[in-house]
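Chemist: Provide a 3D model corresponding to the input given below.
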Amino acid sequence: MVRVVDDEGAQLGVLPLREAVAKAEAKGLDLVLMAAKSNPPVCRMMDYGKYKYEQSKKANLAKKRQHVMQVKEVKVRASTDAHDLEVKLKQARKFLEQGNKVKVSLRFRGREMAHTDRGAEQLRHVAEQLAEYGKPEKMPNMEGRQMIMIIAPHKK
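Modeler: Alright, predicted model coming up:
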């Protein structure tokens, strides 16, 4: 026994399964199980192919409207000059305005490892310069010979 709903949404009542399938076939439709856990199970008469097509269209439309956030990377050094840093900051601003996250990585070579405080200061300066466009999601921390900070754009 199943509860049957026709293609216009009208309830046909509780029918034996064979009778429900026969009524659906008489209208040239499919009998689709909608709520299996209810008592009795609810079935609906519909064109299943058309239903699947409409669902895929809705999914594609939703996918088209969403923005996939990417993580863009900007590499700097502890000894990066002011003008070179401005160029990197300009690029990072562009990424943040587009709605992407920016990963600012600072690599230390050789004896620079003794002056990680300079690198941390450089990243703090970068965070201050980009404060208008985004906020640090992950503050600077060391990963091997690299110091990494992630900046997320402000919500619109």
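Chemist: CA only for contacts and neighbour counts going forward, please
Modeler: OK.
Chemist: Please go through this protein and pick out the longest strand.
Modeler: With DSSP state E applied, the strand covering the greatest number of residues in the chain is identified as strand 134-143.
Chemist: Just the residues contacting the helix or strand just after it, thanks.
Modeler: Along the chain past strand 134-143, the next helix or strand (assigned with DSSP states H and E) turns out to be strand 146-153. Defining contact as CA atoms under 8 Å, 6 or more residues apart in numbering, one finds that strand 146-153 is touched by 96-97, 99-108, 119-120, 123, 127, 133-142.
Chemist: Now do the helices in this protein.
Modeler: When secondary structure is read from DSSP state H, the chain shows helices at 17-26, 48-65, 82-97, 116-129.
Chemist: Could you list the domains of this structure?
Modeler: Described in terms of automatic domain parsing, the domain architecture of the chain consists of the residue ranges 2-64, 71-153.
Chemist: May I see the ones you listed arranged in JSON lines, with mean pLDDT as well?
Modeler: Converted to JSON lines, those look like this (pLDDT from 0 to 100):
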{"stretch": "domain 2-64", "mean pLDDT": "89"}
{"stretch": "domain 71-153", "mean pLDDT": "90"}
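Chemist: can you pull up the bridge partners for Met142?
Modeler: For Met142, the beta-bridge partners under DSSP bridges are Met147.
Chemist: Count residues in the vicinity of it, would you?
Modeler: As a burial measure, the neighbour count of Met142 was computed by other CA atoms under 10 Å and equals 14.
Chemist: Could you measure from it over to Pro40?
Modeler: To Pro40, Met142 is 61 Å away according to CA to CA, to the nearest Å.
Chemist: quick one on the thing from earlier: for Gln11, which of the helices of the chain is the nearest?
Modeler: Taking CA to CA as the measure, the helices of the chain were each checked against Gln11, and helix 17-26 came out nearest at 11.9 Å.
Chemist: Can you name every helix or strand that the closest one contacts?
Modeler: If you count contacts as 3 or more CA pairs under 8 Å, 6 or more residues apart in numbering; DSSP states H and E, helix 17-26 packs onto strand 2-5, strand 30-35.
Chemist: These: which one's closest to Gln66?
Modeler: Closest to Gln66 of the helices and strands packed on helix 17-26 is strand 30-35 (CA to CA; 28.5 Å).
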